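S.K.: Generate a structure from the sequence data that follows.
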Amino acid sequence: MRLRAVLFDFSDTLFHIHHAQRIRDLLDPGAEVDAAAIDSILDAVWAASATPAEQAKGRDLSPEAHRRCWTELFRPFDRLAPGLAERMYTEISNPGAWSPYPDTIDTIERLHGRGVPLGVVSDIGWDIRAVFARFGLEPLVSAWVLSFEHGLEKPDPRLFHAGCAGLGTAAAQTLMVGDNVERDGGAASAGLTALTLPRYGGDGDRGLRTVLDLV
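M.R.: Down below sits the predicted model:
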């Protein structure tokens, strides 16, 4: 069956935060912190966040769990400055901290211009609609499936099916685009086609225009 609708993941698929720069911005003016120390802590945080034990905590099931789990993950940053972990969490839940990848806006606008129904399925603990609104993209998204609003996390098939229902398309007609093989790629088990993007190299497009050739 021909693909005729697209569901996107949010973080590290359509939008991202330049965490190292944001950390430097959060530090007191004049504070001297080695960039290598920031990168080392960031690497450790991301590695810890991806462990099965951490992901089993249900951090995206509610705003409270999201804040608690991510603040604890950010706790090593308190070694750089007291209270930095709390400020880090405030930053990741700040719509103004997020930036689209170079090909995000063009891809979404071109798909919408073709009449392709678009939705977002995200494991998240706060309302990300404001991020899309900043860039004029919110009206182009017809279905919002946010884990904390459903009390479910990917790859639960009910989230993907909710996205399809919101778009009015069958699972077999819908493409799920994300960056996590297990969570976003799990859409394949729900009957969708799944496209998992590689880790972003930090230069150039994200690879989103591939979607234009698939739908």
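S.K.: Mind listing what's buried along the least confident helix or strand in the chain by mean pLDDT?
M.R.: The helix or strand of the chain with the lowest confidence, counting by mean pLDDT, DSSP states H and E, is helix 19-26 at a mean of 78. Buried residues in helix 19-26, counted by 16 or more other CB atoms under 10 Å: 19, 23, 26. Heads up, the C-betas are built off the backbone N, CA and C, glycines and all.
S.K.: got it, and stretch 141-159?
M.R.: Neighbour counts over stretch 141-159 (16+ other CB under 10 Å) mark 141-148, 152-157, 159 as buried.
S.K.: Start and end of it, how far apart?
M.R.: 16 Å (CA to CA, to the nearest Å).
S.K.: Please apply the same query to stretch 201-215.
M.R.: 25 Å.
S.K.: chain center to it: distance?
M.R.: Stretch 201-215 has its C-alpha centroid displaced from the chain centroid by 16 Å (CA atoms, centre = their mean, to the nearest Å).
S.K.: Likewise for stretch 7-27?
M.R.: Distance, centroid of stretch 7-27 to centroid of chain: 9 Å (CA atoms, centre = their mean).
S.K.: how about the CA coordinates for that stretch, as PDB?
M.R.: Taking C-alpha atoms only, stretch 7-27 is exported to PDB below (Å, rounded to 0.1, in the frame of the first residue of the first chain):
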ATOM      1  CA  LEU A   7       4.500  10.700  11.800                       C
ATOM      2  CA  PHE A   8       7.700  12.300  13.200                       C
ATOM      3  CA  ASP A   9       9.600  12.000  16.400                       C
ATOM      4  CA  PHE A  10      10.500  15.300  18.000                       C
ATOM      5  CA  SER A  11      13.900  15.400  19.800                       C
ATOM      6  CA  ASP A  12      17.000  14.600  17.700                       C
ATOM      7  CA  THR A  13      14.800  14.000  14.700                       C
ATOM      8  CA  LEU A  14      13.200  17.400  13.900                       C
ATOM      9  CA  PHE A  15      14.600  19.600  16.700                       C
ATOM     10  CA  HIS A  16      17.700  19.700  18.900                       C
ATOM     11  CA  ILE A  17      19.500  21.700  21.600                       C
ATOM     12  CA  HIS A  18      23.200  22.700  21.500                       C
ATOM     13  CA  HIS A  19      23.700  21.500  25.000                       C
ATOM     14  CA  ALA A  20      27.300  22.500  25.500                       C
ATOM     15  CA  GLN A  21      26.600  26.100  24.500                       C
ATOM     16  CA  ARG A  22      23.500  26.300  26.600                       C
ATOM     17  CA  ILE A  23      25.500  25.100  29.700                       C
ATOM     18  CA  ARG A  24      28.000  27.800  29.100                       C
ATOM     19  CA  ASP A  25      25.200  30.300  28.900                       C
ATOM     20  CA  LEU A  26      23.700  29.100  32.200                       C
ATOM     21  CA  LEU A  27      27.000  29.500  34.100                       C
END
